[in-house]
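**Student:** got a predicted structure here, sequence first:
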Amino acid sequence: MAWALWFTGLPGSGKTALSKRTMNLLRRNGIRVKVLELDEIRRFVTPNPRYTDEERDIVYASLAYMAKLLTESGMNVIIDATANRRRYRDLARSIIPDFAEVFVRCPLELCMERERKRIAKFSPKGIYDRSAQPSATVPGVNVPYEEPLSPEIIIDSDRTDAFEGAEVVVKRLKEMFK
Ligand SMILES: Nc1ncnc2c1ncn2[C@@H]1O[C@H](COP(=O)(O)OP(=O)(O)OP(=O)(O)O)[C@@H](O)[C@H]1O
Ligand SMILES: [Mg+2]
């Protein structure tokens with residue numbers, strides 16, 4: 001059975017950077033893996049996202065189901081998505097036997113600074129700026145970001161660069177899923 005790793009953390013914490021480095025390192029090790037980046041999937045599934053609770057429930061359930069199908073087909077999966085509610089990640093855990101969470105931990109102020117400066121391929125621009133708008137639902141600002149209670153892996157991205165982080169993730173992964 002293939003495994004799924006969910007990279008969770010605040011917007012701008014470094015999930016995409018770490019996912020990409022981890023994917024590259026795994027492939028160099030001859031391990032097949034597919035990255036599901038929610039911001040890329042959203043372009044197709046919710047091209048005009050509202051980021052409401054109702055929409056997030058549907059989007060995250062769909063993401064968990066995609067990951068389940070891939071692992072059942074023998075494909076390892078990295079899920080790159082904030083998933084501000086624990087229940088989104090718990091759903092994936094409940095349907096995927098070999099599942100683990102990678103908590104990309106970073107103080108909110110640094111996430112905001114990084115998000116403002118970065119050039120991202122799929123993430124929307126000005127996420128934290130939009131938190132000032134009425135009815136905004138930015139995780140960590142307007143709505144809670146529920147940290148994982150016992151993540152299998154924690155990467156402190158304020159002290160660990162994405163290359164070092166990827167080394168740690170791959171090492172732990174090899175210990176967990178032999
Ligand atoms: N460990 C790190 N050290 C320093 N800078 C980093 C680190 N990880 C990511 N960054 C930089 O911080 C910025 C935000 O990272 P990234 O886009 O990967 O965040 P994200 O968690 O995927 O955000 P979103 O949820 O909005 O997609 C990028 O410019 C990235 O290069
Ligand atoms: Mg991202």
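**Tutor:** Cool, got the structure. Ligands and ions are numbered 1, 2, ... in the order given.

**Student:** not counting its neighbours along the chain, what's nearest Ser19?
**Tutor:** Once its chain neighbours are removed from consideration, Ser19 has its nearest residue in Asp80; the separation is 4.2 Å (CB to CB, 6 or more residues apart in numbering). For the C-beta atoms, the positions are set from N, CA and C on the backbone; glycine is no exception.

**Student:** Val35 is in what secondary structure piece?
**Tutor:** Secondary structure here is read from DSSP states H and E; on that basis Val35 sits in strand 33-37.

**Student:** nope, Leu70 is what I meant
**Tutor:** Taking DSSP H and E as the definition, Leu70 sits inside helix 53-72.

**Student:** go on, Val170?
**Tutor:** The secondary structure element spanning Val170 is helix 162-176 (assigned by DSSP H and E).

**Student:** what about that helix and ligand 1, any contact?
**Tutor:** Yes - applying CB under 6 Å from any ligand atom, one finds that helix 162-176 is in contact with ligand 1 at 162, 165.

**Student:** ok, and what's touching that helix?
**Tutor:** Under the contact criterion CB atoms under 8 Å, 6 or more residues apart in numbering, helix 162-176 has outside partners 3, 5, 14, 17-18, 20-22, 24-26, 29, 98, 100, 102, 104, 152-153, 155, 157, 160.

**Student:** if we go to 6 Å?
**Tutor:** Outside helix 162-176, the residues that touch it by CB atoms under 6 Å, 6 or more residues apart in numbering are 17-18, 21-22, 25, 102, 153, 155.
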